[in-house]
Every structure is written in C-alpha cells, then in structure tokens.
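Asks: One predicted model, sequence on top.
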Amino acid sequence: MQKVIEQRTLAVFMSLGLLQGLTLWLASESWPHGMLWRTLFSALIVLVVVGGWQLQMLWGQLREAERWKLLLPAVLLPAVLAAWLGAQFDQPRWYYFDETTGTLLLWSQLALAYILTPFIQARDAAHRWRFDYSALYRNAWNNGLLLFMALVMLGVFWLLIWLWSGLFSMLGVDQFKRFFESSGFAWVASATVAAVGLHIGRERGQVIDALRNVLQAMCRFLLPLTVVILLLFVVFLPFTGLAPLWATRHATPILLTLVFAHVALLNGVVQDGLQTAHYPRPLRLLADASSLCLPLLAGLAMHALWLRIDQYGLTPDRVLAALLALVAMVHGLALVRAVLRRDPAWLSGLRQSNPPLALLVACLLVLMHVPALSPLQLSAANQYQRLLDASLPAERTDLGALRFQLGEPGRRYLQALREALDEPWEDEALRTRLKGDLQRLDRADHYWAWKREQEVATAPPVPWIGEAIADEDGSLARTVSSQGCVDECRLFAADLDRDGQSEVLLLRGEPKVVPVMGRVAAGGWRWLGQLRVTGGALPASAALGELLERGEFELVAPRFKAIEIGGVRLEPAIGEP
C-alpha cells in the first residue's frame, strides 16, 4: 500500500513539473508586450511555478490543521504581486535579467513563498494562529535542503544529457544535440527532473534530517570565524578610520554579507533554542560580544549606501540594498535583545524574534510591489528630480535609466521631462543641456550605447595641433574616445594616402604606436590602424607639438608596394616599415 501511495505521489509531482515546464516554455516562446497579456502571463508563471512548488512542499499535509486554508492565499498573493509588477515593467522576456528590475518578477515571489511556506507547515492544530517554532525552524531549513537536492539532481541530469549529445555528435549524429538544445526540451525536462528531485527528497526525510544536522555542525565550526572577524574589525576600526572603508566602493555589500553570515551561522548553532549550548562559556561570551556589534555594522552599511545614493541617486538595486540594510539592522537589534535578556538557554530569545522578523521581510516584499513604493517608481522619481537640479553635474544624473532600466515609471517621467522642456525655464543652460541629452538618448538603442554617447559628449575636447577638422556628427570624437585617451592627448591631421582628405593621428604622451582615424564612404570616421615608431624615439610631447606646428615633417612612401591580383589588392598594414 505504501508503495502504491508513493507511486501516486511521484505521478502528481511529475505532472506538476510537466505543467511548470510547459508554462515556462510557453512564456519563453511567446512573451507578450501588451500590458493586459503581460500581466496575465506574469501571474500565470508565478501561480504555476511558485504555487506548484508550495503544493509539492505541502503534499500530504494539506488536511492536517486545515493547512489548505492558508495555502490558497499564500499561492494567490505572489501571483497577484507578479501581475502588478508585470504591469509596471515591460521587458522582452520574463526571464530577461536586466539589472535588478528583471529579477523582481520571479525571484521575489520565490523568496516570499519560501518565507510563508514554513508557517503553513508549522501551523498548530490546537491554535488557529499559533505556530510551533521548532517545526517552523525545521521546515525552513528542510525546504532549502530539498531545493538544493533538486538542483543537484538537475545538474547531474544535464551533465548526462551533455555526455549523450557529445558522444553521438562525435559519430556525426546531431539530431540528439539539436533536440536537447531546443527550448521546449530544456524547460519541460528541467522542471520535471526538479520535481522528481523534490519527491525523492521528501520521501527520504531521514536523509534531509541528516543533511540538516551536518549543516548545523558546519555552522558550529564556522561561527567562531565570523566572531573573530567581527571583533577584529571593530577593534581595528578606530585606528584605520572610515575613509578606507568608503574607498572600497563596496562597503555596503561587504558589511551586509558579514552581518547575514553571522546571523545565519548563529541560528544554525542555536537551532530552535531548546538545545544545550555547544560552546564553552568564554566562546559564548565572545559570540555575545560580536552579536552586540551587528547594529554598528548595519549602521555603517546604511551610511555607505546613503553616500552612494547622495552621489548618484536611487536605482532599483540600491532600493533593495536599503531594504536589506533595514532587515540587517532589525536582526542585529533582535540579537542584542537576546544577548541582554540572559535567558536560561543561550540566545533562546531568538524563538520570539525570528518569526516576526520573517513576516516583516514578507511584508517588505509585498510593499515593494505597491506602485508608489516599488523600486522602479522610487528610482524614477529620484532620478527625475536630480535631472532638474542644476547644482548636480551631468555625470551624477542618469537620464538613460528612465528609458531603459526603470520600466513604465521611468517612461512616464521621461515623457514629463519632454513636456517640461517645451516650456521656458529660468535656467536655460540646464534646459539646453537636457535637450542635447535627450537627442543622444533618442539615437541610442540600449542603455550602454547612450552611456557611451554621453561620456563622449561630456568629455573635454581633445586639443588639435595645427588646423582642426570639423566633426559635425560627433563620430570623430566617439572614435577618439574608443582609443582610451588617458594621458595628455592631441590630434593632428595629415593626408597620409594623398587622396585629398586628411586622416587624423592621435598622439598620446610619448607614444610607441600612433592610432590613425579616417573618413568612411558613408560619412563619419572610423579607426584605420596605427603607425609604429621605428628607428628611434619621438621627441617629448611639447617638442613634438612644436615640430608639427612648424610643419617640420614629411610624408614618406612605403617601403613595400601593394600587389593587385584579380582586382584584389594586398597592401602592407599601416605602420609597416
């Protein structure tokens, strides 16, 4: 009988995996751009993928403690939020990972489901809204390990598929490789295999429990390391000051990673708060002291993030970093409270603080999808206000983000800026600058193309030696910028091929090679090649400029002539002796 039940459960899991794979395949092949269909597709993906995973985790437990009553809203909530976000952000594919905004559509829903599912699993049958913390702790760890086992099985599956296709490709049979590389097989097979991996992990709970015990033993071994790192950092900080920390430009992610690593390892050691302490008293005191330092580290991370936002404004990933810093601060304060309470069991106060903190994170994920509080809306509003601030230099604003990275809110603010620029401004210089920026933005087809155009436009012009050549379309400036002019640079025009049109030489410091730019038939400029310095060294920069200004140079014919064969010419490269 048990074997029959297990086979039926496997069939259910495989059916759910097949449905998930077909849904992902459909979305990858025909992602809509209309707001209504985009919204429905977003909700469908999360409903099937995330809801299917939650159903797999709770299979066989739905009738216990009436958990099915909690499953329905827990499944619908991520789907509604995904639809909400899909309406705000128009992306070419649902899995298109463009900056942080592209990942919000699916990954935030997975995080929300991961947080809420243990609460459903740990619901106390005797009390409607009470949760057994021991079960909550155990299920949170077990769910992560089940996902890990599913990913391991998926990785091994694809390794075998790769071997299969490789072996037959060596025999000249490419049909298998083409089939395995098709998007339909990739999505359907991956989702089905992952579902089978989840089933195998659930049916062998003793293996998951053993893995959890192993992981907790690793936490007991690694926690002293984070304790030492935290205490040494706090001890060294007064002597080094904060300047070296800000100079890294990565202070926020480093500090937050250390805080969350310490919190995770500490929870792995404390477990559900009912076990006896595994450390001697001196080590527990050091762990307590390091835990008291967590609010300091979280505060430093917040300050570092604020400095970055003050310099360059809000972006979606900085909004997420601010939320993570807030969560880190709250966790640090909860640990301080647990340390100061001095409960009979070491840090057992985490039993009271961890469930509300998990629900706080879930609430933040929900609020993140509210249009007025979404990272897209907050970032677009902030960048728009910065564009209107005449005191900020152009390099500290980001007009391109409004069009390419901030979804529908960014496009709304971009349209508002266009309408505002049609009216007279008190600061006409700012208005003129923004109009030029908008013209370059309209010519760009992606964010980095606009960024490149903006860097060229705002870079100081390279001085000329002798008569300058007009650069109406800015293609010469873009070509010069692509050569990486880091030292003192100057331009010099000379007709190297005697065709009546001058080429442009880029002289940098004391060069060993000289880049050469020339006109193209369709108009504009491009890099042609380079001249090599042979037979000595060029004079110093100032002396070289004086020689060229006075015309003390001559054009020398190449040593080797070109060969023409059947109308095709073989010519020595520029710089050939």
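Replies: Okay, I see it. Numbers count the residues shown, from 1 in each chain.
Asks: hey, let's count contacts and neighbours off CA atoms from now on
Replies: Noted.
Asks: for this structure, longest helix please?
Replies: The single longest helix within the chain, with elements called by DSSP state H, is helix 133-170.
Asks: Return the set of buried residues in that helix.
Replies: Across helix 133-170, burial judged by 16 or more other Cα atoms under 10 Å covers 133, 135-143, 145-151, 153-154, 158, 161, 165-166.
Asks: Would you mind identifying the next helix or strand past it?
Replies: Sequence-wise, the next helix or strand downstream of helix 133-170 (DSSP states H and E) is helix 175-180.
Asks: Mind giving me the packing neighbours of that next one?
Replies: Secondary-structure packing of helix 175-180 (3 or more Cα pairs under 8 Å, 6 or more residues apart in numbering; DSSP states H and E): helix 133-170.
Asks: Quick one: mean pLDDT over the helix it packs on.
Replies: Mean per-residue pLDDT for helix 133-170: 91.
Asks: related to what we said a few turns ago, can you name every helix or strand that the longest helix of the chain contacts?
Replies: helix 101-121, helix 175-180, helix 183-203, helix 205-240.
Asks: Pull the residues that contact stretch 188-196.
Replies: 10, 13-18, 20-22, 24-25, 150-151, 153-154, 157 (Cα atoms under 8 Å, 6 or more residues apart in numbering).
Asks: Mind giving me the ChimeraX command for buried ones among the residues you listed?
Replies: Paste this into ChimeraX to select the buried members of those, with burial taken from 16+ other Cα under 10 Å:
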select :10,13,14,16,17,18,20,21,22,24,25,150,151,153,154
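Asks: quick one: which of the contacts of stretch 188-196 sit in helices?
Replies: Under the assignment DSSP H, these contribute 10, 13-18, 20-22, 24-25, 150-151, 153-154, 157 to helices.
Asks: okay but residue 198 is in contact with residue 149, surely?
Replies: Yes: A contact is recorded between residue 198 and residue 149 when judged using Cα atoms under 8 Å, the distance being 7.2 Å.
Asks: and for those two, which residues touch both?
Replies: Counting by Cα under 8 Å, 6+ apart, residue 198 and residue 149 have no shared contacts at all.
Asks: still on that earlier bit, and residue 479, which of the helices and strands packed on helix 133-170 is closest to it?
Replies: For residue 479, the closest of the helices and strands packed on helix 133-170 is helix 101-121, at 32.2 Å, according to Cα to Cα.
Asks: Walking through the protein, point out its strands one by one.
Replies: Counting by DSSP state E, one finds strands in the chain at the ranges 464-465, 489-494, 503-508, 513-519, 525-532, 563-565, 568-570.
Asks: Burial-wise, tell me which of these comes out on top.
Replies: strand 503-508 (a mean of 22; mean count of other Cα atoms under 10 Å).
Asks: That one vs strand 525-532, what angle?
Replies: For strand 503-508 and strand 525-532, the angle between their directions (axes from the mean of the first three to the mean of the last three Cα atoms, to 10 degrees) works out to 60 degrees.
Asks: so what strands line up beside strand 503-508?
Replies: Strand partners for strand 503-508, identified by DSSP bridges, are recorded as strand 489-494 (antiparallel), strand 513-519 (antiparallel).
Asks: how about the ones you listed, which one is nearest residue 51?
Replies: Comparing the strands paired with strand 503-508 under Cα to Cα, the one sitting nearest is strand 513-519, at 58.5 Å.
Asks: Please save the CA atoms from that closest one in PDB.
Replies: Extracted in PDB, the C-alpha atoms of strand 513-519 (Å, rounded to 0.1, in the frame of the first residue of the first chain):
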ATOM      1  CA  VAL A 513      52.300  53.500 -31.700                       C
ATOM      2  CA  VAL A 514      50.000  56.200 -33.100                       C
ATOM      3  CA  PRO A 515      46.400  55.400 -33.800                       C
ATOM      4  CA  VAL A 516      45.000  56.600 -37.200                       C
ATOM      5  CA  MET A 517      41.400  57.600 -37.900                       C
ATOM      6  CA  GLY A 518      40.000  58.200 -41.300                       C
ATOM      7  CA  ARG A 519      36.700  59.000 -43.100                       C
END
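Asks: right, and the helices and strands packed on helix 133-170 - which one's nearest residue 384?
Replies: Comparing the helices and strands packed on helix 133-170 by their distance to residue 384 (Cα to Cα), the top pick is helix 101-121, with 17.8 Å.
Asks: which ones are touching residue 110?
Replies: By Cα under 8 Å, 6+ apart, the contact list for residue 110 reads residue 50.
Asks: shaky segments in the stretch 351-500 of the chain?
Replies: Within the stretch 351-500 of the chain, the stretches with pLDDT under 70 are 472-473, 482-487.
Asks: mind listing the helices for it?
Replies: Assigned by DSSP state H, counting those that start in this stretch, the helices in the stretch 351-500 of the chain fall at 375-387, 399-404, 407-421, 428-443, 447-458, 475-482.
Asks: For these, give me a markdown table that also has distance to residue 533 and mean neighbour count.
Replies: Converted to a markdown table, these look like this (distance: least, Cα to Cα, whole Å; neighbours: other Cα atoms under 10 Å):
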| stretch | distance to residue 533 | mean neighbour count |
| --- | --- | --- |
| helix 375-387 | 46 | 22 |
| helix 399-404 | 41 | 23 |
| helix 407-421 | 50 | 18 |
| helix 428-443 | 37 | 15 |
| helix 447-458 | 28 | 17 |
| helix 475-482 | 20 | 18 |
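Asks: Same list as before, those that is, but in CSV and with distance to residue 518 included.
Replies: As requested, those are arranged in CSV below (distance: least, Cα to Cα, whole Å):
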stretch, distance to residue 518
helix 375-387, 36
helix 399-404, 30
helix 407-421, 36
helix 428-443, 23
helix 447-458, 18
helix 475-482, 9
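Asks: Quick check: which of those is nearest to residue 325?
Replies: For these, proximity to residue 325 was assessed by Cα to Cα; helix 375-387 is nearest, at 14.9 Å.
Asks: which other helices and strands contact the closest one?
Replies: When contacts are defined as 3+ Cα pairs under 8 Å, 6+ apart, helix 375-387 packs onto helix 316-341, helix 399-404, helix 407-421.
Asks: Reformat the ones you listed as a markdown table; add distance to residue 214.
Replies: Written out in a markdown table, the entries for the helices and strands packed on helix 375-387 read as follows (distance: least, Cα to Cα, whole Å):
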| stretch | distance to residue 214 |
| --- | --- |
| helix 316-341 | 24 |
| helix 399-404 | 46 |
| helix 407-421 | 44 |
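Asks: Just tell me which of the ones you listed ends up closest to residue 173.
Replies: Among these, helix 399-404 comes nearest to residue 173, with 43.1 Å by Cα to Cα.
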